[in-house]
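Visitor: Show me how the following folds:
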Amino acid sequence: MNLFASPVFAQARIELKRPESQVKIQDVGQLISALVGTLLIISALLAFFFLILGGIQWITSGGDKAGMEAARNKITHAIVGLIIVGAAWAIMILVQNFLGVQIIGGTLEFPKPFE
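Guide: Model prediction:
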């Protein structure tokens, strides 16, 4: 009589286990180290972007005194920003070398799905 009967999978008891956390941050210092390095890179890129934007604004000002002054201020502020970022990076490298702690360059291992 069971020639056409097939098992009903909807009635099977399936247990799904919650995967263990795969975030591997050993300490808060490692997280801060990665964040500091990332923020330095982002701030340097932003300063460089504003430097280029100021140059484009200078070129397109067409001899207008107010436009040239605004572009000059933007370029000056971008250069000051790059100097500040470079000085912050140099100070952190000096502290890193003298104290033997790792401030810049921490690595984080992010979880991979379904591993």
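Visitor: From now on I want contacts and neighbour counts done on CA atoms only, so please keep to that.
Guide: Fine.
Visitor: What are the boundaries of the strands in the protein?
Guide: Counting by DSSP state E, no segments of the chain form strands.
Visitor: Which parts of it are helices?
Guide: For the chain, the helices defined by DSSP state H cover 28-59, 65-99.
Visitor: now the angle between helix 65-99 and the first one, please.
Guide: Read it as helix 28-59. Using axes from the mean of the first three to the mean of the last three C-alpha atoms, to 10 degrees, the direction of helix 28-59 lies 160 degrees away from that of helix 65-99.
Visitor: Show me what counts as buried in helix 28-59.
Guide: For helix 28-59, the neighbour count (16 or more other C-alpha atoms under 10 Å) marks 30, 33-37, 40, 44, 47-48, 50-51, 53-55, 57-58 as buried.
Visitor: which strands and helices sit next to that helix?
Guide: Secondary-structure packing of helix 28-59 (3 or more C-alpha pairs under 8 Å, 6 or more residues apart in numbering; DSSP states H and E): helix 65-99.
Visitor: how near is the nearest residue to residue 101 once chain neighbours are set aside to residue 65?
Guide: Spatial nearest neighbour of residue 101, chain neighbours left out: residue 95 (7.7 Å); criterion: C-alpha to C-alpha, 6 or more residues apart in numbering. Counting by C-alpha to C-alpha, to the nearest Å, the separation of residue 95 from residue 65 is 45 Å.
Visitor: Next: residue 100.
Guide: Residue 100 is 52 Å from residue 65, where distance means C-alpha to C-alpha.
Visitor: the more surrounded of residue 95 and residue 65?
Guide: Legend: neighbour count by other C-alpha atoms under 10 Å for residue 95 and residue 65, higher for residue 95 (14 against 10).
Visitor: Read off the pLDDT value for that one.
Guide: You'll see residue 95 listed with a pLDDT of 84.
Visitor: Where does the prediction get shaky in the chain?
Guide: Along the chain, the model assigns pLDDT under 70 to residues 1-12, 19-27, 105-115.
Visitor: Recalculate using a threshold of 90.
Guide: In the predicted model of the chain, residues 1-41, 61-64, 88-89, 91-115 satisfy pLDDT under 90.
Visitor: residue nearest the centroid of it?
Guide: residue 38 (4.4 Å; C-alpha atoms, centre = their mean).
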